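S.K.: Sequence plus predicted model, see below.
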Amino acid sequence: MMVPVRCFTCGNVVGEHWEEFDERANQGDEDPQKVLDELGVDRYCCRRMLVSHTDLVDVVSPYQ
Amino acid sequence: MELRVTESSENELSIEIAGEDHTFMNVLKGALLEHEDVSAATYDVNPEQSGGQTEPILTIKTEGDVDPLEALEEGAAGVRTKTTAFREAFEAAV
Amino acid sequence: MSEEYDVEFVERGDREARFLVRGITPGFANGIRRAMVADVPTMAIDTVRFIENSSVMFDEQLALRLGLVPLTTPPEGEFVEDDTVTLSIDVEGPATAYSGDLVSSDSLVEPADENVPIIELKDGQRLEAEADARLERGKDHAKHQGGVAVGYRHLQRVEVVDDLPEFQEPESQIVRGVVEENGELVPTSEFDHDLSTRHPGKEIRLEDVPNAFVFHVETDGSFSVEELVTRAVDSIEARATELEDAVQL
């Protein structure tokens, strides 16, 4: 639904980088690898948190 | 930190140190083994789910007429010298 | 017992650092590592009272998210374990509630990161809540872990022994961490962790330097790396002092 605040595996705060990542890699056409490197999300456990995330608030909000 | 002696003789002591885990016990054991008059030192912990004795039990064997409790006190002091030295070295590098 | 340690920083940042410690036993190194992960108390939200929550997420889910937001932890001695600080949040949609919207009653305890989205609020939705942050240890809950991905590796010494035989296939030699080469410390990321690119066509000997460990320490923003390390050492020392006093009685 919303981005996880922290990485499930290592506990690093990843929520902090979500909006920039979303804007640049998902909405924009930048290479996700490059964006993650620039954001300082180094470990693959943290990277998958952002890469594989989908915001679902818009999907569920009509049913509230 | 609750202490409870489980076994005690002239040269041997088993003591339960409640509330501690490997973090402190292993460092303490290491310091005890560096002690001159300690011939053996070890500790045993069981996992929380095991249901039995889950607090660590430290066992110390000493040589000659050294009281193991005294060795334990010196061992704890040994840990303190380590931490003080480490902090000094770390702060010097900062 | 006299102890001699030597600390040297390899990389240093606010939240991430690498430093070499010489003369440390593996047991003590591990004690410090464990203390950094589980024994250094940090502030985190523990109880949330919801005044209004008409968002798409349940109270419990939001409480968990609020709890995971790192908060700056006051200097040692300012607070004791179980002390609380109250933070409040009040956001009305359409807007996103961020961790930066948390208003603290104590300037020593503020959200360390301001851009963590808590919940996206649609038109007419509102989040109003009051939260109590407590000082606790990583042992109790992962949200109180100040150290993130804390670890250490042996320092490795690289020695160029000889040229490789002329017809030998070049093989990559992967090494991670920090290596010592002619007395110089080189992070392996400098040569893509592959010694064969650094010394092509050479035979290389790699050995662990006894009692020299390179720590890699990262914090969640609760405090600086230096603070985390000193507090971890302090926590071990406090226990040694406590034991000494208990035995003396």
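M.R.: Thanks, I have it. Residues are numbered from 1 along each chain as shown, chains lettered A, B, ... in the order given.
S.K.: max-length helix in chain B?
M.R.: In chain B, with assignment by DSSP state H, the single longest helix is helix B:68-93.
S.K.: anything in that helix near chain C?
M.R.: Yes: residues of helix B:68-93 contacting chain C under CB under 8 Å from any CB of the partner chain: B:69, B:72-73, B:76-93. Heads up, the C-betas are built off the backbone N, CA and C, glycines and all.
S.K.: Not counting stretch A:23-38 itself, show me its contacts.
M.R.: Stretch A:23-38 is contacted by residues A:Glu20, A:Phe21, A:Arg47, A:Leu50, A:Val51 when judged by CB atoms under 8 Å, 6 or more residues apart in numbering or on different chains.
S.K.: Now that stretch: buried residues?
M.R.: Within stretch A:23-38, the residues scored as buried using 16 or more other CB atoms under 10 Å in any protein chain shown are A:Arg24, A:Ala25, A:Asn26, A:Val35, A:Leu36.
S.K.: What of stretch C:123-140?
M.R.: Using 16+ other CB under 10 Å as the test for burial, stretch C:123-140 gives C:Gln125, C:Arg126, C:Leu127, C:Glu128, C:Ala129, C:Ala131, C:Ala133, C:Arg134, C:Leu135, C:Glu136, C:Arg137, C:Gly138.
S.K.: Next, give me the two most distant ones among those residues.
M.R.: Greatest spatial distance in those: C:Gln125 and C:Arg137, 35.7 Å, computed using CB to CB.
S.K.: quick one, helices of chain C?
M.R.: With DSSP H as the criterion, chain C has helices spanning C:26-38, C:59-68, C:195-198, C:225-248.
S.K.: just the ones you listed: most buried one?
M.R.: Comparing the helices of chain C by mean neighbour count (mean count of other CB atoms under 10 Å in any protein chain shown), helix C:26-38 ranks first with a mean of 23.
S.K.: Restrict that one to CA atoms and write it as PDB.
M.R.: Taking Å, rounded to 0.1, in the frame of the first residue of the first chain, the C-alpha atoms of helix C:26-38 are listed here in PDB:
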ATOM      1  CA  PRO C  26      37.800 -11.600  17.900                       C
ATOM      2  CA  GLY C  27      35.700 -12.000  21.000                       C
ATOM      3  CA  PHE C  28      35.900  -8.300  22.000                       C
ATOM      4  CA  ALA C  29      35.200  -7.200  18.500                       C
ATOM      5  CA  ASN C  30      32.100  -9.300  18.400                       C
ATOM      6  CA  GLY C  31      31.000  -8.000  21.800                       C
ATOM      7  CA  ILE C  32      31.200  -4.400  20.500                       C
ATOM      8  CA  ARG C  33      29.400  -5.400  17.300                       C
ATOM      9  CA  ARG C  34      26.600  -7.100  19.200                       C
ATOM     10  CA  ALA C  35      26.300  -4.200  21.600                       C
ATOM     11  CA  MET C  36      26.000  -1.700  18.700                       C
ATOM     12  CA  VAL C  37      23.100  -3.700  17.300                       C
ATOM     13  CA  ALA C  38      21.100  -4.700  20.300                       C
END
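S.K.: The residue of chain B found nearest chain A is in what secondary structure piece?
M.R.: In chain B, the residue that lies nearest chain A is B:Thr23 (18.1 Å; CB to the nearest CB). B:Thr23 belongs to helix B:22-33 when assigned by DSSP states H and E.
S.K.: Can you list the strands that the following helix or strand past that helix pairs with?
M.R.: Remark: after helix B:22-33, the chain's next helix or strand is strand B:38-44, criterion DSSP H and E. Sheet pairing of strand B:38-44 (DSSP bridges) gives strand B:57-62 (antiparallel).
S.K.: which residues sit against the partner strand?
M.R.: The contact list for strand B:57-62 (CB under 8 Å, 6+ apart) reads B:6-7, B:11-17, B:25, B:28-29, B:32, B:37-45, B:68, B:71-72, B:75.
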